[in-house]
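Asks: Sharing a model that was predicted from the sequence below.
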Amino acid sequence: MNEPTRELLASPGPLLLVPDTVLLPEGPVGGHAVVVADGSFRAVGPAGELARTHPRLDAVPLPGHLLMPGFVDAHHHLTQSFGSALAFGEPSEIFRRVWVPLEGALDEESAYVAAKLAALEALRGGFTTVADAGTRASVDTGVVASAARDAGIRCVLGLVCNDVQDGFPGDDGDAPRASAVLESAEKHLARYDGDPLIRPSLAVSIPEAATSTTLHGTARLAAEAGATVQIHVNEHLAAVERSLVRHGLRPLEHLHEIGALGPQLLAAHASLVTPRELSLLADTGTAVSYNPVASAWKGNAVAPATAMAERGIRFGLGTDGTRGDGFRLADAAEFAQRIAYGLTTGDSSCGAGWTWLEHATAGGADAVGLGARTGAVAEGLAADFLLVDVTNPELALSWDVPWELVRRGNRDQITAVFVAGRMRLWRGGPVGWDGPALVRQAAELSRAVVERASITRVHPASTAARRRSVAR
């Protein structure tokens, strides 16, 4: 393996990096270099030209490496990392039985450690940005923001704006509560102004968790601030049916009726959508987080992402906190489309590889509201990128780099991860702080948290399930 010089890469810069290949928006190119300074790509172009225009910079050769944009996780739950396998084998809508009780058992220390652990896993998987859909833990959002900053990852940080606790309110809802929620939302959007890594966002767990007043109000506030509202929409059959009973409309249709659709909305999952709802998404500019692993593990359907791409619907790829590996996520995105739609129609391409790589990077950045800041290797954008070793058996003989990255890429091929021009991860370990110590702390805290959480599981653990199977 060709080993770049860690000391040079960890320096504050400016840096003139010369890899074998750079993955530009139009595709991979050789003979190119990038200049990284002040957290951004100051220049991108032919290596010889950049050497001439930046004579004071010594080139840092990166033989055997591809420089590519970092992955963007368009849907995450950072404070759910202690749950992990607790959700395995469980039927849909596990948030009521697993995630709400788990997050409710977190205190400030455990919430910070859980969020930082999730951020570390994301960095190890090549993610340079995560969109957190808001924690239900009774801690200030600053706890999660601090965890993301300390880990060194860019974070779109949601504030949960639910104003319905139990049952269904009347159409007018609880006006004083809605007013208080919107006041908090406005403060959250202003709180992180100018923060280099934290971008504020609003969140509603599911449409029925907020009154029409709050759904409309959060959409307005986010649109005015150039931020996003994250809402789990059309994910499970039960939620679709509850919306039909209450409103006579499906969740996306209900959001449209009250004026909550638009470029500010990031609709999480959208896996159960009708042709009409696809038109609503396309016509309003609403963004979607396509979460293929979550669909496989606990969903009722796979979002029709190839149809969304064809219709020009904005979407990114999200893990939903399942596993933090950007390459495996892109692979799952293609694989799910092939199984759910491609086989029945004879579509052997299903996005031709590049679709999933693009929506895992630039498309994801656009979906979470950061398209003007990150997602591509381009002059003026944040220097959020990966150095990927391409001398390994999986990639060395590549005839089609983008498609190979989707189908054969893996996080163990990532040599370094940079966020805002700083090296945050080197060969799987964080730079500047003790990763193993965090993992040990998380293992200890998670036991206490799970013990005091009122978690209800339907399916037994795998070993217990095996014993039952053998007994039968």
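Replies: Sure, I can see it. Numbers count the residues shown, from 1 in each chain.
Asks: roughly how far apart are the residue most central in space within the chain and residue 127?
Replies: For the chain, the residue nearest the mean C-alpha position is residue 73 (1.8 Å; Cα atoms, centre = their mean). Separation of residue 73 from residue 127 (Cβ to Cβ, to the nearest Å): 5 Å. Placement of C-beta: from N, CA and C, glycine included.
Asks: same deal with residue 36?
Replies: Taking Cβ to Cβ, one finds residue 36 at 19 Å from residue 127.
Asks: now residue 154
Replies: On the measure of Cβ to Cβ, residue 154 and residue 127 end up 9 Å apart.
Asks: And residue 390, by the same measure?
Replies: Distance of residue 390 to residue 127, computed by Cβ to Cβ: 20 Å.
Asks: So these two - more neighbours on which side?
Replies: Shown here are residue 390 and residue 127; by other Cβ atoms under 10 Å, residue 127 has more neighbours (29 against 23).
Asks: Tell me which residues touch the more buried one, please.
Replies: With contact set as Cβ atoms under 8 Å, 6 or more residues apart in numbering, residue 127 has these partners: 70, 71, 72, 73, 153, 324, 326.
Asks: among those, who's most crowded?
Replies: Of the contacts of residue 127, with other Cβ under 10 Å as the count, residue 73 tops at 34 neighbours.
Asks: So what's the residue count around the nearest residue in space to residue 302 that is not next to it in sequence?
Replies: Once flanking residues are discounted, residue 302 sits nearest to residue 340: 4.1 Å by Cβ to Cβ, 6 or more residues apart in numbering. Residues lying near residue 340 (other Cβ under 10 Å) number 20.
Asks: Verify the stated contact: residue 340 with residue 300.
Replies: No: using Cβ atoms under 8 Å, residue 340 is not in contact with residue 300, being 11.8 Å away.
Asks: Could you list the low-confidence segments of the stretch 51-200 of the chain?
Replies: Within the stretch 51-200 of the chain, the segments meeting pLDDT under 70 span 165-175.
Asks: switch the cut-off to 90
Replies: Counting by pLDDT under 90, the stretch 51-200 of the chain has low-confidence residues at 84-97, 99, 165-178.
Asks: still on that earlier bit, contact partners for the residue nearest to the centre of the chain?
Replies: 122, 127, 129, 130, 131, 317, 318, 319, 324, 326, 329, 364.
Asks: Just the ones of those residues in strands?
Replies: Mapping the contacts of residue 73 onto strands (DSSP state E) picks out 127, 129, 130, 131, 317.
Asks: Bridge partners for the first one, pull those for me.
Replies: Right, the one you point to is residue 127. In this entry, residue 127 is beta-bridged to residue 71, by DSSP bridges.
Asks: what does the fourth one give?
Replies: Per DSSP bridges, residues listed as beta-bridge partners of residue 131: residue 156.
Asks: domains for this structure, by residue range?
Replies: As assigned by automatic domain parsing, the chain contains the domains 6-69+375-430, 71-367.
Asks: out of the ones you listed, deepest packed?
Replies: Ranked by average neighbour count under the criterion mean count of other Cβ atoms under 10 Å, the domains of the chain are headed by domain 71-367 at a mean of 21.
Asks: Figure out how far it is from the centre of its chain.
Replies: Here domain 71-367 is found 8 Å from its chain centre; the criterion is Cα atoms, centre = their mean, to the nearest Å.
Asks: Begin at 437, not 1, for the rest of this chat.
Replies: Right, with 437 as the first residue, what we last looked at is domain 507-803.
Asks: and residue 500, what helix or strand is that in?
Replies: Using DSSP states H and E, residue 500 maps to strand 495-505.
Asks: list the helices and strands that strand packs on?
Replies: For strand 495-505, the packing partners by 3 or more Cβ pairs under 8 Å, 6 or more residues apart in numbering; DSSP states H and E come out as strand 451-460, strand 821-825.
Asks: The longest one relative to strand 821-825, how many degrees between them?
Replies: Here strand 451-460 runs at 80 degrees with respect to strand 821-825, directions being taken by axes from the mean of the first three to the mean of the last three Cα atoms, to 10 degrees.
Asks: which helices and strands does strand 451-460 pack with?
Replies: Here strand 451-460 touches strand 463-466, strand 468-473, helix 483-489, strand 495-505, helix 837-844, going by 3+ Cβ pairs under 8 Å, 6+ apart.
Asks: Tell me where the model's unsure across the stretch 637-786 of the chain.
Replies: Residues of the stretch 637-786 of the chain meeting the criterion pLDDT under 90: 734-735.
Asks: And the helices in it?
Replies: Along the stretch 637-786 of the chain, counting by DSSP state H, counting those that start in this stretch, helices occupy 648-661, 673-683, 687-693, 711-720, 728-734, 741-747, 762-773, 779-781.
Asks: Include distance to residue 791 when you put those into JSON lines, please.
Replies: What follows is the helices of the stretch 637-786 of the chain, written out as JSON lines (distance: least, Cβ to Cβ, whole Å):
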{"stretch": "helix 648-661", "distance to residue 791": "27"}
{"stretch": "helix 673-683", "distance to residue 791": "27"}
{"stretch": "helix 687-693", "distance to residue 791": "23"}
{"stretch": "helix 711-720", "distance to residue 791": "16"}
{"stretch": "helix 728-734", "distance to residue 791": "13"}
{"stretch": "helix 741-747", "distance to residue 791": "6"}
{"stretch": "helix 762-773", "distance to residue 791": "8"}
{"stretch": "helix 779-781", "distance to residue 791": "16"}
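Asks: Compare those helices and give me the one nearest residue 866.
Replies: Nearest of the helices of the stretch 637-786 of the chain to residue 866, taken as Cβ to Cβ: helix 762-773 at 16.7 Å.
Asks: Check the spacing between the residue lying closest to residue 655 once chain neighbours are set aside and residue 619 real quick.
Replies: Once flanking residues are discounted, residue 655 sits nearest to residue 696: 4.3 Å by Cβ to Cβ, 6+ apart. From residue 696 over to residue 619 the distance is 19 Å, taken as Cβ to Cβ.
Asks: ok so, going back, any idea which of the ones in strands among the contacts of residue 509 is closest to residue 666?
Replies: Closest to residue 666, out of all of those and judged by Cβ to Cβ, is residue 567, at 6.7 Å.
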